[in-house]
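>>> Sequence and computational prediction follow.
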Amino acid sequence: RYEPTWGSLDARPLPAWFDEAKFGVFIHWGVFSVPSFGSEWFWWYWQKEKREPYVKFMDTNYPPGFSYEDFGPLFTAEFFDANQWADILKASGAKYVVLTSKHHEGFTLWGSKYSWNWNAVDVGPKRDLVAELATSVRNRTDLHFGLYHSLFEWFNPLFLEDATNAFKTRKFPTSKSLPELYEIVTKYQPEIIWSDGDGNAPDSYWNSTGFLAWLYNDSPVRDTVVTNDRWGAGSICAHGGFYTCSDRYNPGHLLPHKWENCMTIDRSSWGYRRDARLPDYLAIEDLVKQLAETVSCGGNLLMNIGPTHDGRIAVVFEERLRQVGAWLKVNGEAIYGTKPWRAQNDTVTPGVWYTFSPEEGKVNAIFLNWPVSGILELGEPRPKLGETQVKLAGYKELLKWVALGEKGMVIALPQLTPQQMPCQWGWTLQLTDVN
């Protein structure tokens, strides 16, 4: 059994499914999706920091005295179809999904007993959005279902009181945050608990180690659940399950501990923004590049979308997800279930990222630029004459190659018309029998 100490909890092996999955989709949805302006931190920027664009937006578009709470009933979700969301998630090639069950605004997407009149069953949609998505994902896909949960809440009076007391009192975690965590685990049995928002309070204030000991020892998901590293000030990148270290973390080199790159398709916001322009969204080439870089360095990629207040996944997000899925249909063997190789990227040709498929003993070289010459030079592999075979994923014939001294090889790519290309945006060479 695990003790409620970091020493004991950190020693728990990460359930194998998480490393094998490689790719997940993050969903940021809440009352912030109603103003859908600037950022999901709208409430904080408007009321606390009083940032000019936010104050002006409210003054121009809403009557005097309109409060953030007044956005609650406008979070209507009338077009939310959990089956449709599940089908899009499945088509993306993702192996897990993480939904914001509660962000820093404190509004819960399920009918929490501990969030009176500030939850989706009592206000707005009048529906249990967590239950609906969990059911559809489990019935229609093989994705693992996960939940994001914010420990702190910006404007909760109990949290603010504890903060004033330098966190010597613990009214908020004992009456709100912890009961909610036990509630979502027991009720929805998520296989990921993606914690966030420590409010600069230590893990002892949140009793994170006590909760995690229960989660790993006695909860209904004790054998399969994975958690991240955001459990109190100082725990990020140091304690917990997989490490996130920071938002959009992409170190570009191998790390000794399992990590995740959580990033957004909209470069500047996690929640939906009605004011976003096309260049604000990452192109599919950028997404494939991030996936290749992240996985070759031992990470998972968690790619975020922000649905609308009325429950739609905007078509630009749907298209990006379906594009990633189309790419993974051809190149998935170079991603799912792989391990990092001895080299993460090539030393001679830029934009080449390596992964290793242990079962087949295959080295996968994902190259992001198709060379004009039709010749690709790789500096890292050590091929064996007469033994090494080179294949292009999605293309049936073997490719010709020559060795370059001790190390390195030159590969002749097939001459293909655009219609004959197995995929776009990035390609995989599969090398068998290399040293």
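That came in fine, so what should we check first?

>>> how about the strands in the stretch 101-250 of the chain?
Assigned strands in the stretch 101-250 of the chain, in chain order: 144-150, 192-196, 226-227 (criterion: DSSP state E, counting those that start in this stretch).

>>> How far off centre is the shortest one?
Its chain's C-alpha centre and that of strand 226-227 lie 13 Å apart, by Cα atoms, centre = their mean, to the nearest Å.

>>> what does stretch 251-264 give?
11 Å.

>>> Quick check: end-to-end length of it?
Taking Cα to Cα, to the nearest Å, the first and last residues of stretch 251-264 lie 16 Å apart.

>>> hmm, who's touching it?
14, 18-19, 26, 228, 241-245, 247-250, 270, 282, 290, 293-294, 297-304, 306, 340, 344-345 (Cβ atoms under 8 Å, 6 or more residues apart in numbering). C-beta here means a position set from N, CA and C on the backbone, and glycine is covered the same way.

>>> buried subset of those?
18-19, 26, 228, 241-245, 249-250, 270, 282, 290, 293-294, 297-304, 306, 340, 344-345 (16 or more other Cβ atoms under 10 Å).

>>> Show me the helices in the protein, by range?
For the chain, the helices defined by DSSP state H occupy 6-9, 16-21, 42-43, 52-61, 82-91, 129-140, 157-164, 171-172, 178-188, 203-206, 208-217, 284-296, 315-331.

>>> now what about the second one, what contacts it?
Put plainly, it is helix 16-21. Residues outside helix 16-21 that contact it (Cβ under 8 Å, 6+ apart): 95-96, 144, 191-192, 224, 226, 241-242, 258, 300, 336-337.

>>> Now stretch 318-334: buried residues?
By neighbour count on 16+ other Cβ under 10 Å, the buried set for stretch 318-334 is 318, 320-328, 330-334.

>>> Neighbours of residue 432, how many?
15 (other Cβ atoms under 10 Å).

>>> got it, and residue 66?
By other Cβ under 10 Å, 12 other residues sit near residue 66.

>>> Quick check, pLDDT for residue 45.
Residue 45 carries a pLDDT value of 98.

>>> Considering the contacts of helix 16-21, which is situated nearest to residue 4?
Checking the contacts of helix 16-21 against residue 4 by Cβ to Cβ gives residue 241 as the nearest, at 15.4 Å.

>>> unless I'm mixing things up, the closest one is touching residue 231, no?
No - counting by Cβ atoms under 8 Å, residue 241 stays clear of residue 231, with 9.7 Å between them.

>>> ok, and which of the helices of the chain has the densest surroundings?
Among these, ranked by average contacts under mean count of other Cβ atoms under 10 Å, first place goes to helix 42-43 (a mean of 24).

>>> Would you write a PyMOL line that selects the buried entries of the contacts of helix 16-21?
To isolate the buried subset of these in PyMOL, counting by 16+ other Cβ under 10 Å, use the following:
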select buried, resi 95+96+144+191+192+226+241+242+300+336+337
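
>>> With respect to residue 72, which of the contacts of helix 16-21 is nearest?
Nearest to residue 72 out of these is residue 192 (Cβ to Cβ; 26.9 Å).

>>> Not counting stretch 42-60 itself, show me its contacts.
Stretch 42-60 has contacts (Cβ under 8 Å, 6+ apart) with 32, 35, 37-39, 66, 68, 104-105, 154-155, 271.

>>> my bad, should have said stretch 157-166
Residues outside stretch 157-166 that contact it (Cβ under 8 Å, 6+ apart): 152-153, 169-173, 175-176, 199-201, 205.

>>> circling back: adding distance to residue 74, write the helices of the chain out as CSV.
Converted to CSV, these look like this (distance: least, Cβ to Cβ, whole Å):
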stretch, distance to residue 74
helix 6-9, 41
helix 16-21, 36
helix 42-43, 13
helix 52-61, 12
helix 82-91, 21
helix 129-140, 15
helix 157-164, 24
helix 171-172, 27
helix 178-188, 24
helix 203-206, 31
helix 208-217, 33
helix 284-296, 31
helix 315-331, 21
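
>>> So which of the ones you listed is nearest residue 404?
Nearest to residue 404, of those and by Cβ to Cβ, is helix 284-296 at 21.8 Å.
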